[in-house]
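Visitor: here's my sequence, what's the structure:
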Amino acid sequence: MAEPDLVGLAEVAEMLGTSRRQAIRWTQREDFPEPILRLRATPVWEGREVRRWKREREHDKRSRAR
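Guide: Take a look at the predicted model:
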């Protein structure tokens, strides 16, 4: 069985190449994926959804730069 692809806030910050503080801001945006679970220490997201959000955001930035 494959390991679940779950990430907390520290992993989200690392995946997005930003600080934990900025990651908190981004995770509060309406377009950011909803956490699948909220633990006392951190919300938990599916890693693939965070990576998808990052790809879409990068695509939007490139499109606007043209």
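Visitor: chain neighbours aside, what residue packs nearest to L9?
Guide: T42 (4.6 Å; Cβ to Cβ, 6 or more residues apart in numbering). For glycine as for every other residue, the C-beta is placed from the backbone atoms N, C-alpha and C.
Visitor: show me where the chain has helices.
Guide: Under the criterion DSSP state H, the chain contains helices at 9-16, 20-27, 47-65.
Visitor: now the ones you listed in JSON lines, with mean pLDDT?
Guide: Formatted as JSON lines, those follow (pLDDT from 0 to 100):
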{"stretch": "helix 9-16", "mean pLDDT": "97"}
{"stretch": "helix 20-27", "mean pLDDT": "97"}
{"stretch": "helix 47-65", "mean pLDDT": "89"}
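Visitor: from memory T42 sits against G8, does it?
Guide: Yes: with contacts defined as Cβ atoms under 8 Å, T42 counts as touching G8 at a distance of 3.9 Å.
Visitor: the longest strand that the chain contains: partners in the sheet, and parallel or antiparallel?
Guide: For the chain, the longest strand by residue count, based on DSSP state E, is strand 43-46. Within its sheet, and counting by DSSP bridges, strand 43-46 is paired with strand 6-7 (antiparallel), strand 37-38 (antiparallel).
Visitor: out of those, which is the most enclosed?
Guide: With neighbours defined as mean count of other Cβ atoms under 10 Å, the strands paired with strand 43-46 peak in mean count at strand 6-7, which reaches a mean of 18.
Visitor: identify the residues contacting that strand?
Guide: M15, I36, V44, W45, E46, G47, V50 (Cβ atoms under 8 Å, 6 or more residues apart in numbering).
Visitor: tell me the mean pLDDT over it?
Guide: For strand 6-7, the mean per-residue pLDDT is 96.
Visitor: what's the offset of that strand from the middle of its chain?
Guide: For strand 6-7, the separation from the chain centroid amounts to 9 Å (computed by Cα atoms, centre = their mean, to the nearest Å).
Visitor: the nearest residue to M15 once chain neighbours are set aside: what's it in contact with?
Guide: Leaving aside its sequence neighbours, M15 sits nearest to V50 (Cβ to Cβ, 6+ apart; 5.6 Å). Listed by Cβ under 8 Å, 6+ apart, the contact set of V50 reads V7, V12, M15, L16, P33.
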